[in-house]
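Visitor: Provide a 3D model corresponding to the input given below.
(2 chains)
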Protein chains: 2
Amino acid sequence: MNKLLIRGATVLTMEGQDAIIKTGEILMEDGWITHVGLPGSAPGYFDMDEVIEADGMVAMPGFVNCHTHAAMTLLRGYADDLPLMQWLNEKIWPFEDKLTGEDVYWGSKLACLEMIKSGTTCFGDMYAFMDDVARAVEETGMRAVLSRGMIGVAPTGSNALQEAEELVKNWNGKADGRITVMLGPHAPYTCPPDYLAKVMDLAAKLKVGIHIHVSETRTEFYDILKQYGKTPVQHLDSLGLFKYPVLAAHCVHLEQEDIEILAQKAMGIAYNPQSNMKLASGIAPVAKLLDLGATVGLGTDSTASNNNLDILEELRVGSFLQKVDTMNAEVIPAYRALQMATIDGALSMGLGDRVGLIKEGMRADIILINTKEPHMCPQHNLFANIAYSANSADVNTVIIDGKVVMLDKVVLTINEEEVMAEVQERAMRLAGK
Amino acid sequence: MNKLLIRGATVLTMEGQDAIIKTGEILMEDGWITHVGLPGSAPGYFDMDEVIEADGMVAMPGFVNCHTHAAMTLLRGYADDLPLMQWLNEKIWPFEDKLTGEDVYWGSKLACLEMIKSGTTCFGDMYAFMDDVARAVEETGMRAVLSRGMIGVAPTGSNALQEAEELVKNWNGKADGRITVMLGPHAPYTCPPDYLAKVMDLAAKLKVGIHIHVSETRTEFYDILKQYGKTPVQHLDSLGLFKYPVLAAHCVHLEQEDIEILAQKAMGIAYNPQSNMKLASGIAPVAKLLDLGATVGLGTDSTASNNNLDILEELRVGSFLQKVDTMNAEVIPAYRALQMATIDGALSMGLGDRVGLIKEGMRADIILINTKEPHMCPQHNLFANIAYSANSADVNTVIIDGKVVMLDKVVLTINEEEVMAEVQERAMRLAGK
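Guide: Numbers count the residues shown, from 1 in each chain, chains lettered A, B, ... in the order given. Sure, this is the predicted structure:
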């Protein structure tokens, strides 16, 4: 049995705003959190395989990024500040057409590296060449929920369904249980009802959830309304999609009834504030969704529309954007934003039984944040300092599934130089430079 | 004569999107930039007092923060997520009532430390106990534009005018020219016309500019409209304020005519996107202001409403917020956002002849940014990587007025531990803890 102890940290369990343990101890055994308590309370101190002394650090659950396309790190900075359709048609899609599985492997590995360094321990991904993404996840020690993106209207549509089924068979529950798989029908405007019916049959057969883009742009909203006489959310609801565990990404353009449907029936919503801002898609009505009890996690979307994978940025901007959009400074306070970045993200992807809290019986996805920096001084309120002042470089140590993947800012599972050199070379070649 | 050379950096002079010098050289003599060029082009290599080898770094002008209240670091995280008037009445003002000059000195010093570490070399400040702020600026090596905040309707109103005059006499042009002084009438709703008349007389007499909050909230907009029959901007214009060099902070609630007045007549506008979002004040129409030729810099506002002094965050969110607000992904592209954070900020505060570009004849306010990080890989576009992907911890070295104030992430002018300990103790005492 592997026993790992964190000592001396201020523990934010995320079980409540008062659930703060000063100089606390967290015991992990074979990847499970088996004890959380006061100094000296962890049993068997002398039996530990590893002890991390974390004085001056905050320990909290690792961040959860519910929606990204990890391999698109290859396109970071390749096309910015363009209207959506021009961006897709002239830049993103032609670049993506040239991608190989190896490119996707290296791009995903760079994404895992960036996520680990910024405190993200679990991500929800939708892309192609998912075997190669899974390989990057397995090697780097990340936790991930993977989906083969499926475009029903494309010639590859039925092939993608096959690949999705194979992905479930080959990878669901693998990498010591760190990988789970969902089906990834891209969006209502790329997946017609008959295709979605096949997806739902497959979900029922394989007992997996569904990750889908929903109502990201105004164009999509009106196109679907015109084609089906229903909003995207009501269209999907009428097809029966929400009978399955659905992670709905974006949900920017919503009517009141859409909000009610999502709050009642969606497993979770991935709120991508910075991507929605940068692509000028709009502002998701997250404050209203939360009021009605929706489960909302955060997503960065890809680095082509963000341009990083920094969940601390996302939770801060996500909160501030709701405040200004509702003209109400009280919505999504600091603690609520941190919930979205941790437990609510986990719940949105069906992992709330496993990660998102520091609690006995959960898997150990834990980060240590260094709070002894000028921008987090003084300490009136730790939650506010982390949500509103911290930056991702303050993340010092990262534990995923009970394994230390970054210790004192050194990533242990990835050769940083190698990954950056590979991605630089591949990205330039793909861009034709 | 002191001669300092930077070698090997990729130089973004901010004189244009094509003004990129790979492995460039920047020569500084007695604080002046005297040469910018290709490798080997700087004269007198063997005469240097100091050479900074900057391979893999980007050299660019230091960031400019046009609007803050530096000493309010003492209140970081003290009061968040509250409606504006409750926030001010119940939390901020009672806390501030207890501040001493020494508190302000230490709070400002912490702010200078945080700004240096995040690449800001110049800031515009409005507060009280400005001698103590100036002392912090002088010691830490920062460049600053200081204003005594003046509330005309307060009992301290006429005293504040005196203090403002003394501040100009004691500090304008001091600290080797790093400090300039402006007058700081707080806002149109706290400074009635007769008081503003006195401020303008004083500005004319002392030949200094004016830093003022303008139309920050909807309440202010309608209150001024009700009281004077004019919008805040038109009210100030009718009083003749814009005959003086005016730095107008916020400018959130504007009519078309207000936008035209500001574009034509204001020296500069301090856009504070995150503060305006967090306090639910609104979204300044910056894209429209820029279209009409306004000079717009960035401000963080205080750390009570932000909660940090990170200009990289501000420029990113400032750009994204305009994109989503106008539903146009093309507004404020990456390079434009970086201009706002550098030269346009300098111009907004009347320092455009001195700082904001890497150019012969300017004072040397230069930062080196480490781009060899996963979140800035690959390098398709350096401007996009810095504006949209970098974080403040990537700032490696900071030069202000030709002096190295941070080298390889070590701040040379400030004892970090001491400042953080002092501020922590003072903040807790002031909060009554």
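Visitor: For the residue of the stretch 301-433 of chain A found nearest chain B, which residues are in contact?
Guide: In the stretch 301-433 of chain A, no residue comes nearer to chain B than A:Ala393, which is 3.2 Å away by CB to the nearest CB. To be clear about C-beta, it is placed using only N, CA and C from the backbone, and glycine gets the same treatment. Residues in contact with A:Ala393, defined by CB atoms under 8 Å, 6 or more residues apart in numbering or on different chains, are B:Asn391, B:Ser392, B:Ala393, B:Asp394.
Visitor: Phi first, then psi, for it.
Guide: phi -70, psi -10 (degrees, to the nearest 10).
Visitor: got it, and A:Arg363?
Guide: Dihedral angles of A:Arg363 (phi, psi; degrees, to the nearest 10) stand at phi -70, psi 150.
Visitor: tally of neighbours for it?
Guide: 25 (other CB atoms under 10 Å in any protein chain shown).
Visitor: what do you get for A:Ala427?
Guide: A:Ala427 has 25 nearby residues by other CB under 10 Å.
Visitor: Keeping just the C-alphas, turn the helix or strand harbouring it into CSV.
Guide: Applying DSSP states H and E as the criterion places A:Ala427 in helix A:416-430. Included here for helix A:416-430 are C-alpha records, laid out as CSV according to Å, rounded to 0.1, in the frame of the first residue of the first chain:
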residue,chain,number,x,y,z
GLU,A,416,8.9,19.8,-20.6
GLU,A,417,11.6,20.7,-23.0
GLU,A,418,10.9,17.8,-25.2
VAL,A,419,7.2,18.5,-25.4
MET,A,420,7.6,22.1,-26.2
ALA,A,421,10.2,21.4,-28.9
GLU,A,422,8.0,18.8,-30.5
VAL,A,423,5.0,21.0,-30.5
GLN,A,424,6.9,24.0,-31.8
GLU,A,425,8.2,22.0,-34.8
ARG,A,426,4.9,20.3,-35.6
ALA,A,427,3.0,23.6,-35.3
MET,A,428,5.3,25.4,-37.7
ARG,A,429,5.2,22.6,-40.2
LEU,A,430,1.4,22.4,-40.0
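Visitor: in that helix, what counts as buried?
Guide: Neighbour-count burial for helix A:416-430 flags A:Glu416, A:Val419, A:Met420, A:Glu422, A:Val423, A:Gln424, A:Arg426, A:Ala427, A:Leu430 (criterion: 16 or more other CB atoms under 10 Å in any protein chain shown).
Visitor: Pull up the per-residue confidence for the residue nearest to the last one when sequence neighbours are not counted.
Guide: The reference is to A:Leu430. Take A:Leu430 and drop its neighbours on the chain: the residue closest to it by CB to CB, 6 or more residues apart in numbering or on different chains is A:Lys98, 5.4 Å away. Looking at A:Lys98, its pLDDT is 96.
Visitor: before we move on, what about A:Leu110?
Guide: So A:Leu110 comes in at 98 (pLDDT).
Visitor: from memory it sits against A:Val423, does it?
Guide: Yes: with contact defined as CB atoms under 8 Å, A:Leu110 and A:Val423 form a contacting pair (4.7 Å).
Visitor: For these two, list the residues in contact with both.
Guide: By CB under 8 Å, 6+ apart, the residues touching both A:Leu110 and A:Val423 are A:Thr73, B:Cys377.
Visitor: Shouldn't A:Thr34 be within a strand?
Guide: Yes: using DSSP: H, G, I helix; E, B strand; the rest coil, the secondary structure at A:Thr34 is a strand.
Visitor: Skipping its backbone neighbours, what lies nearest it in space?
Guide: Closest to A:Thr34 by CB to CB, 6+ apart is A:Leu27, at 5.2 Å.
Visitor: Any chance you could list what contacts whichever strand or helix holds the one you found?
Guide: Using DSSP H and E, A:Leu27 sits within strand A:20-29. Strand A:20-29 is contacted by residues A:1-13, A:33-44, A:55, A:59, A:358, A:364, A:366, A:382, A:399, A:402 when judged by CB under 8 Å, 6+ apart.
Visitor: Do me a favour and average the pLDDT over it.
Guide: Rounded mean pLDDT across strand A:20-29 is 96.
Visitor: Which positions in that strand come out as buried?
Guide: A:Ile21, A:Gly24, A:Glu25, A:Ile26, A:Leu27, A:Met28, A:Glu29.
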